[in-house]
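Q: Sequence and predicted structure are below.
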Amino acid sequence: MRKFPEGFLWGGATAANQIEGGWREGGKGWSVSDAARAHFDADVKDYNRHNQITTRDIEEALAHPEDEVNYPKRHGSDFYHHYKEDIALMAEMGFKVYRMSIAWSRIYPNGDDEQPNEAGLQFYDEVFDELKKYNIEPLVTMSHYEPPLNLVLNYDGWYSREVIGFFEKYVRTICERYKHKVKYWLTFNEVDSIIRHPFTTGGLIEDRFPGKNFEEVCYQAMHHQFVASALATKICHEIIPDSQVGCMITKLTYYPYSCKPEDVLETQKRMRSIYAYSDTQVFGEYPSTLLSYYKNHNIHIVKQPGDDEVMKQYPVDFVSFSYYMSSCVAADETGLDVTPGNTILAVKNPHLETSEWGWQIDPIGLRISLVDLYDRYRKPLFVVENGLGAKDVLSADGKVHDPYRIDYLRKHFKCMLDAIEEDGVELMGYTSWACIDLISESTKQISKRYGYIYVDLDDQGNGTYNRIRKDSFYWYQKVIQNNSLDF
Ligand code: BGP
């Protein structure tokens, strides 16, 4: 019987802005995600265009906090009121770890408040205590599309150097408060995503930077996040000596569309552009690929004395990533078939099937990514997002039959095991996205379901919020119980 390593951290992942709801309770302030909801158009192909939020959109969102369109999106799966039940279900599956995020705007509702919000701190205390009851380790993302909206409106988001200080204060507060409860941390979810969705990741709105090169604005904000990530790692290690802090990137596997050297070269460029973000946090310095990009595109990043040293001194302990799909790459992609993907359009690979949303399903691509990342960094890896979004249906028998999800996961797990056993990759664990149905980031709808647990709710916000175990729930339970795929 092939087994995963002893102590392998099996679990599931969520993010506060997609699962919690309770968005105006317990003193929580507006986050960028609460405001981003107002603008959304569910056409995935136009994801990036539609996510270019304007200041006017924000004003409208603030003026209509409970409008019907946004109601279900802002109320998530109502984990805020169901966390005990949800954690009990995770425990029933045998979770060793639960990846979740803390909503910064629950702790500092405006981001720049003098004092933290006690009710927000108390909420996560209760969540961590509940996890502890079942011996589930929390893995906490400090920032997953949740900067307080006030930091956008009054500071221009992560473009402002001052936001580093606010983030440091927030990190210090949560590390102090949860030092006996949380050992595993991630700094920024998909730190590279600030380039693709500047508003939700970086709190950046283009119309607030008249006359400026917006791409430069994004990279400047990203620099501030790199410095903040290093400082967060420092703070975490100081306050919680046995803590482990990881970076988190969006990992795709890229294949040359053909063996034409031009296509292979372009593929290499694309891969290097992904690694740039983890390189910076693992090696503690900007890689040549980003520096040359800046030079060739006339991008000037303002650094303060000490930034380079801080980044160098406090690299992350492990490397985590999301993996959903792969894409082909060609030097000239005109006329090639494309398919939607994780916030990007991907060139179609004729050898792969896609999800209902067009994302190319590629378990071997996961193994390739694991090996590449491990060879590059020699640091433990953690798959913190992977899973299948599907239109699950509640059958007449009151159950949800999702054999397609089981098939997807089994194939990905097998490739992880191959990477561990045959390629010698050190993999700490796996948290599937998402362990329970929640609001999808790209569609802003719950009908793109990922969970092992079905939430009875539709895209209009109708439903009982009841939790129902899907078939995949029982399958995952067996995987964890046996620490193996053979049972
Ligand atoms: C990642 C995000 C998650 C999650 C996931 C699935 O990029 O970190 O927040 O949403 O993608 O994407 P979607 O919800 O768009 O299907």
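A: Received the coordinates, thanks.
Q: I figured Ala228 hits Phe167, correct?
A: Yes: in this structure, Ala228 is within contact of Phe167 by Cβ atoms under 8 Å, at 4.7 Å. In short, each C-beta sits where N, CA and C put it, glycine included.
Q: Please tell me how far Arg99 sits from the ligand.
A: Distance, Arg99 to the ligand, using Cβ to the nearest ligand atom, to the nearest Å: 10 Å.
Q: Kindly provide the distance from the residue positioned nearest the centre of the chain to Gln220.
A: Centroid check for the chain by Cα atoms, centre = their mean gives Asn189 as the closest residue, at 4.3 Å. From Asn189 across to Gln220, the span is 20 Å (Cβ to Cβ, to the nearest Å).
Q: can you tell me which residues contact the nearest residue to the residue nearest to the centre of the chain once chain neighbours are set aside?
A: Counting by Cβ to Cβ, 6 or more residues apart in numbering, His144 is the residue found nearest to Asn189 once chain neighbours are left out, at 4.0 Å. Contacts for His144 (Cβ atoms under 8 Å, 6 or more residues apart in numbering) come out as Ala15, Ala16, Asn17, Ser101, Asn189.
Q: Verify the stated contact: the third one with Ser143.
A: I take that to be Asn17. No: Asn17 is beyond contact range of Ser143, at 10.5 Å (criterion: Cβ under 8 Å).
Q: okay, and the common contacts of the two?
A: Shared contacts of Asn17 and Ser143 (Cβ under 8 Å, 6+ apart): Ser101.
Q: What is the neighbour count of Ser243?
A: Ser243: 18 surrounding residues under other Cβ atoms under 10 Å.
Q: switch to numbering from 708
A: Sure thing, new numbering starts at 708, so read that last one as Ser950.
Q: residues in contact with it?
A: Residues in contact with Ser950 (Cβ under 8 Å, 6+ apart) are Cys882, Val889, Lys890, Tyr891, Trp892, Cys943, His944.
Q: What of Asp832?
A: The contact partners of Asp832, by Cβ under 8 Å, 6+ apart, come to Arg884, Tyr885, Lys888.
Q: Try it again at 6 Å.
A: Contacts for Asp832 (Cβ atoms under 6 Å, 6 or more residues apart in numbering) come out as none.
Q: Am I right that it is in a helix?
A: Yes: judged by DSSP: H, G, I helix; E, B strand; the rest coil, Asp832 forms part of a helix.
Q: State the distance from it to Ser1033.
A: Distance check for Asp832 against Ser1033: by Cβ to Cβ, it reads 41 Å.
Q: For Leu1124, see how far away the residue nearest to Asn896 is.
A: Distance from His851 to Leu1124, by Cβ to Cβ: 28 Å.
Q: same check, this time on Arg903
A: Taking Cβ to Cβ as the measure, Arg903 falls 31 Å from Leu1124.
Q: can you check Tyr964 too?
A: Tyr964 is 29 Å from Leu1124, where distance means Cβ to Cβ.
Q: Pick out whichever of the two has more residues nearby.
A: Using other Cβ under 10 Å, the more surrounded residue of Tyr964 and Leu1124 is Tyr964, with 22 against 19.
Q: and the nearest residue to that one once chain neighbours are set aside, how many neighbours?
A: Closest residue in space to Tyr964, ignoring its immediate chain neighbours: Ala1037 at 3.8 Å, by Cβ to Cβ, 6+ apart. Using other Cβ under 10 Å, Ala1037 has 17 other residues around it.
Q: Tyr862 too?
A: By the criterion of other Cβ under 10 Å, Tyr862 has 19 neighbours.
Q: Leaving out chain neighbours, which residue sits closest to the closest residue to the ligand within the stretch 708-857 of the chain?
A: Relative to the ligand, the nearest point of the stretch 708-857 of the chain is Ala722 (5.0 Å; Cβ to the nearest ligand atom). Leaving aside its sequence neighbours, Ala722 sits nearest to His851 (Cβ to Cβ, 6+ apart; 4.0 Å).
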